[in-house]
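Asker: Kindly generate the corresponding structure for this input.
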Amino acid sequence: MDFAAPEPIRAVLYHFVEHGVLGYEFPTRELRETVAARMQTLYGWQVSPDAVVATPGVVAGFTLAANAVCAAGQGLLIQPPVYPPFLKVNGSAGLVRQEAPLVLETDGNTLRYSVDFDIFQKAVHSDGAKTGMFLFCNPHNPTGQIYTKDDLARIADICLKNNIFICSDEIHSEILLGGTQHIPIAALDPEIADHTITLIAPSKLLIFQACSADLRSSQIRICSNAIRRRSSAWQCTSAVPDWWRRKLHFRVRAMDGWQHCDLI
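Answerer: Below you'll find the predicted structure:
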C-alpha cells in the first residue's frame, strides 16, 4: 500500500539502526505478552503468552502447521479462490490437496463469495485421503470475505466432528471497512482453540512488509499446548539469556509500536 508507515513504527526502525547491532535475535517473554494483551484488547480473547510462537513468515507458518499436525498422505483442505501460496502447501508437506471452492453470489452490482456447506462437507476426507488440516483464510484473501460468527461456528463444528485441525491465517484481521468486526475462529470456544493454530502479524496493518524478514516483526502463531506438544517445531523459547535481553529487539519494539497504532 502506498501509505507511510505510522510514526511509532518509523521511530522503532530509526532507533534500531542507530543502535547498530543488527544480528540474530530470539523471541522474548515481552513479545509474547504484548501479542496476548493485544488479542485481549481487540477481541476479548484470552491467550496465554506461552501459546505465542514467532515464525519467519506467514507462508512458512502454513508448512510448519501442516508438518506439526498432519501425517504424510493426509488431506489439506483449502477454499479457492485463495492466496496462491495456499495451493503449494500440500506439495511442501507431502499432503493431498482437497478443495471446497467458495461460491460467487451477485446482489445487484455487488459480488460476494460465501461458503456452500454442502461443498465444504463433501470435500472433507475426499480424494482418498483423510483430512488432517483445514487451511483457513479469515478475513479471506483475495475475496475480502468477513466470516460471520455463525459461519465460523459451522466450519469449526465440521472440523471438530471430523478431527481436523485448523490453521487460520488472520494476517488481515485489522484491515476492515464499514464497521465490520473480525472474529478469531479460535476465540469461539476452548475446544476449537485446542484444535486451531492462528497466524497473525502487524506488518499488513502497519505497512512494513517491504522490510527484510530479519528487520520486520515476525509473523506470530498462536496454538494450544496440545498442538505444541505434537512437534518440536512449535516449542517456544522459554529461557532467553540475560545478555541477549539487554540488546534492542526490533521485533519486540515493533510490537510496542503496534500497541500505539490502534487508530490506524
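
Asker: CA only for contacts and neighbour counts going forward, please
Answerer: Will do.

Asker: Make sure residue 125 is actually in contact with residue 158.
Answerer: No. Using C-alpha atoms under 8 Å, residue 125 is not in contact with residue 158, being 11.6 Å away.

Asker: Give me the pLDDT for residue 210.
Answerer: Per-residue confidence (pLDDT) for residue 210: 47.

Asker: Helix or strand with the lowest mean pLDDT in this protein?
Answerer: helix 242-245 (a mean of 35; mean pLDDT, DSSP states H and E).

Asker: neighbour count winner among residue 125 and residue 158?
Answerer: residue 125 (19 against 15; other C-alpha atoms under 10 Å).

Asker: Name the nearest residue to the more buried one, ignoring sequence neighbours.
Answerer: Distances taken as C-alpha to C-alpha, 6 or more residues apart in numbering place residue 131 nearest to residue 125, at 4.9 Å, with adjacent residues excluded.

Asker: what ranges of this protein fall below the confidence cut-off?
Answerer: Applying pLDDT under 70 to the chain flags the ranges 1-3, 6, 8-9, 22-25, 203-221, 225-226, 228-264.

Asker: helix or strand right after the longest helix seen in it?
Answerer: Using DSSP state H, we find that the single longest helix of the chain is helix 29-43. For helix 29-43, the succeeding helix or strand toward the C-terminus, using DSSP states H and E, is strand 52-55.

Asker: what packs against the helix or strand following that following strand?
Answerer: Once strand 52-55 ends, the next helix or strand along the chain (criterion: DSSP H and E) is helix 58-69. Applying 3 or more C-alpha pairs under 8 Å, 6 or more residues apart in numbering; DSSP states H and E, one finds that helix 58-69 contacts helix 89-93, strand 131-137, strand 165-169, strand 196-200, strand 219-223, helix 225-228.

Asker: Which of the ones you listed sits closest to residue 79?
Answerer: Residue 79 lies closest to strand 131-137 among the helices and strands packed on helix 58-69, at 7.4 Å (C-alpha to C-alpha).

Asker: Quickly run through the sheet partners of the closest one, with directions.
Answerer: strand 75-78 (parallel), strand 165-169 (parallel) (DSSP bridges).

Asker: Quickly compare those strands and say which is most buried.
Answerer: Sort the strands paired with strand 131-137 by mean neighbour count, taking mean count of other C-alpha atoms under 10 Å, and strand 75-78 sits at the top with a mean of 28.

Asker: Run the chain-centre distance for it.
Answerer: Centroid separation between strand 75-78 and its chain, computed with C-alpha atoms, centre = their mean, to the nearest Å, is 16 Å.
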